[in-house]
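Undergrad: Give the three-dimensional model of this entry:
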Amino acid sequence: MSEDFDFSSYVPSDEEDFMNAKQRAYFRAKLTAWRNDILKEARETLDHLAEESANHPDIADRASSETDRAIELRARDRQRKLIGKIDAALSRIDEGTYGYCEETGEPISLKRLDARPIATLSIEAQERHERREKVYRDE
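TA: You can find the predicted model right below:
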C-alpha cells in the first residue's frame, strides 16, 4: 500500500484482521494528513506573526497584539507536542505495535483509533490511568 492511500471511501472494520495492511495504510495516511495540516497552519502562523511584527504606536493596540501573539505561540507549542505524538504513532506503525494498548497489549478499538489516531491506551486502560491521576491530584 502506498503513502497515497485514498481513505475517503474506506472505513476500518472489526470484520477484518486487526491492523492488516489496509488498516495500517489507512492510519498512516490519516496521521500523515493530520501532520501536514498542522505544519501548514504553523507556517501560516509564522507568516502572520512576521507581518504583524510592525510596531503599533498605540499602547492598547500593542498590548492586544502581544496578547494575540502569546496565544498563537502557546497554540503552536501544543501543536509541536502533537506532532511528536503523531511521529511516535507513525513509528509504531513501522514497528508493528500501532493499535495495541501499551499497558495491556490488547488491541485498541478501531473506533477509538479513528477518533484519536495517536491513542496509546485502550479506553479501559485510559480510564484507569485517569482515575489514578485524579486520586493523586485529590490527595
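
Undergrad: Could you use CA atoms for every contact and neighbour count after this?
TA: Noted.

Undergrad: Please report how far Ile93 lies from Asp87.
TA: Per C-alpha to C-alpha, to the nearest Å, Ile93 is found 10 Å from Asp87.

Undergrad: Kindly report the same for Gln23.
TA: 17 Å.

Undergrad: Looking at these two, which is more packed in?
TA: Remark: of Gln23 and Asp87, Gln23 carries more neighbours, 21 against 16, as counted by other C-alpha atoms under 10 Å.

Undergrad: what's the more buried one in contact with, if anything?
TA: For Gln23, the contacting residues are Pro12, by C-alpha atoms under 8 Å, 6 or more residues apart in numbering.

Undergrad: Name the SS class of it, please.
TA: Of the three states, Gln23 takes helix under DSSP: H, G, I helix; E, B strand; the rest coil.

Undergrad: According to the record, where do the domains of this protein fall?
TA: Here the domain parsing of the chain from automatic domain parsing is 19-98, 99-139.

Undergrad: Where does the residue nearest in space to the middle of the chain fall, secondary structure wise?
TA: With distances taken as C-alpha atoms, centre = their mean, Leu82 lies nearest the centre of the chain, 4.7 Å away. Taking DSSP states H and E as the definition, Leu82 sits inside helix 59-95.

Undergrad: Looking at the host helix or strand of Ala42 now, give me its mean pLDDT.
TA: Using DSSP H and E, Ala42 sits within helix 21-52. Averaged over helix 21-52, pLDDT sits at 88.
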